[in-house]
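In: Model the following, please.
(one chain, ligands or ions: 1)
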Amino acid sequence: MLNEKDVEYMVRGGLRHMKAYTPVDPIDLLTEKAVAKAGGTAKLDGNENPYGCSPRVQKALSEYKEFNRYPDPDQRVVRNALAKYTGAKAESIVAGAGSDDLIDIILRLFLEPGDKVINCPPTFGMYPFCTDIAGGVVTKVPRKRDFSLDIPAIKTAADKNTKVTFIASPNNPSGNQASIDEIKELLGLDLIVVVDEAYVEFSGNSMLGMVPQYANLIVLRTFSKWAGIAGLRAGYGVCPCNIVPYMMKIKQPYNINLAAQVAILESLKDVDYLQKTVKAMVAEREVLYKGLKQFKWLKPYPSVANFILCAVLDRSAKDVYLGLQKRGIFIRYFETPELKDYIRISVGRPGDTVNVIAALNDM
Ligand SMILES: Cc1ncc(COP(=O)(O)O)c(C=O)c1O
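Out: Down below sits the predicted model:
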């Protein structure tokens, strides 16, 4: 009879030793910590929309009567609405439970065990995480000191076993974007180039219109950031039309649940409202940047997203993170060699910026 250890050894070798993804804490856990410590919270660790979702989403969800039904596996209504919103063809769109789901689908679709994925850290942790799970191998091509892409190094690293590269633009956590010329150079390589535009609504610089011209370009988008529905999990990919049937075939059949579907449709009916919140965040980003720049021991990096990466000079970045946490302010600290001297602060409401700056002054 198998014992516990035997069963553990049955877990796929690569997964037994794989590093887990480090997610942000849920708000109730943070609130508990903050109430115990400070009496209030500013949740600035997840690059979420602090203004919440469209009121239309709240209302439609409370009135929806069909949650007992399964959602449409072909995502027809959602894909048509996304086509109208983006200008892309519905046949080129796949929706997912967040763009995380699309990252996973793409890697499961293209990777044979041992195939390589080029990752350009520091960047979004889900790319190496999903590569590991899909049985692929990550080839690291670090970004340059200013966090721009090292295009010659990517070209050198791309060999015949390399299938995919992910380029977040704007990049998380550095907040800078790739240029069209850089992406075009990468599209000349024999691999799939996935441009992850999770934060594009804050930068306004999309490559989505280029998808029909390239057989190897996929652009990912999400409703988590600009539309304020991170908790409902809604994202989409705009892909070459011939690849879409494969993605639709291997995705979880009901990956867009009915609540997410309702939320997507209502958000798209309320784009003007949501854009006002995006505008408020973009304006607040500049206030936060100026505030952070006043500190001699911080070096904020210019950002076109809804967060700011800061190098912490002459003191421990982890202590700054913990010091803010003690004061009820939750930001992101990454326990990785390349980011150990940095903190990332999401843009909140004006009151959050005031609290962050006051807390930093107090440290
Ligand atoms: C660059 C990037 N891509 C994708 C995502 C995931 O977004 P979603 O919530 O749609 O899964 C994030 C979330 O932080 C991100 O930073």
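In: what's the spacing between residue 257 and residue 141?
Out: The gap separating residue 257 from residue 141 is 36 Å, by CB to CB, to the nearest Å. For the C-beta atoms, the positions are set from N, CA and C on the backbone; glycine is no exception.
In: and if you look at residue 278?
Out: 31 Å.
In: Please apply the same query to residue 44.
Out: Residue 44 sits 30 Å away from residue 141 when distances are taken as CB to CB.
In: which of those two has more neighbours?
Out: More neighbours surround residue 44 than the other of residue 44 and residue 141, with 25 against 20 (other CB atoms under 10 Å).
In: Verify the stated contact: that one with residue 330.
Out: Yes - here residue 44 lies in contact with residue 330, judged by CB atoms under 8 Å, at a distance of 6.2 Å.
In: what's the neighbour count on whatever residue of the chain ends up closest to the ligand?
Out: Proximity to the ligand, evaluated over the chain using CB to the nearest ligand atom, is greatest for residue 98 at 2.6 Å. Burial measure for residue 98: 24 neighbouring residues, criterion other CB under 10 Å.
In: I figured it was touching residue 235, is that so?
Out: Yes - here residue 98 reaches residue 235: they are 4.6 Å apart, a contact under CB under 8 Å.
In: Let me know the pLDDT of residue 15.
Out: What the model reports for residue 15 is a pLDDT of 88.
In: which residues sit in contact with it?
Out: With contacts defined as CB atoms under 8 Å, 6 or more residues apart in numbering, the neighbours of residue 15 are 132, 133.
In: 10 Å instead, please
Out: For residue 15, the contacting residues are 132, 133, 135, by CB atoms under 10 Å, 6 or more residues apart in numbering.
In: try residue 70
Out: Residue 70 neighbours (CB under 10 Å, 6+ apart): 253, 254, 257, 258.
In: In TSV: those, plus distance to the ligand and neighbour count.
Out: Listed next are the contacts of residue 70 as TSV, based on distance: CB to the nearest ligand atom, whole Å; neighbours: other CB atoms under 10 Å:
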residue	distance to the ligand	neighbour count
253	19	11
254	17	13
257	14	16
258	18	17
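In: Quick test: name the residue nearest the centre of the chain.
Out: The C-alpha lying nearest the average C-alpha coordinate of the chain belongs to residue 198 (CA atoms, centre = their mean; 5.3 Å).
In: Pretty sure that residue sits against residue 124.
Out: Yes - in this structure, residue 198 is within contact of residue 124 by CB atoms under 10 Å, at 7.7 Å.
In: so what sits against both of those two?
Out: Taking CB under 10 Å, 6+ apart as the contact definition, residue 198 and residue 124 share the neighbouring residues 99, 100, 168, 171, 172.
In: The second one: helix or strand, and which one exactly?
Out: I take that to be residue 100. If you go by DSSP states H and E, residue 100 is part of helix 99-110.
In: So which other helices or strands are in contact with the very next helix or strand once past that helix?
Out: Beyond helix 99-110 in the direction of the C-terminus, DSSP H and E gives the next helix or strand as strand 116-119. Applying 3 or more CB pairs under 10 Å, 6 or more residues apart in numbering; DSSP states H and E, we find strand 116-119 packed against helix 99-110, helix 126-133, strand 137-140, helix 151-157, strand 162-168, strand 192-196.
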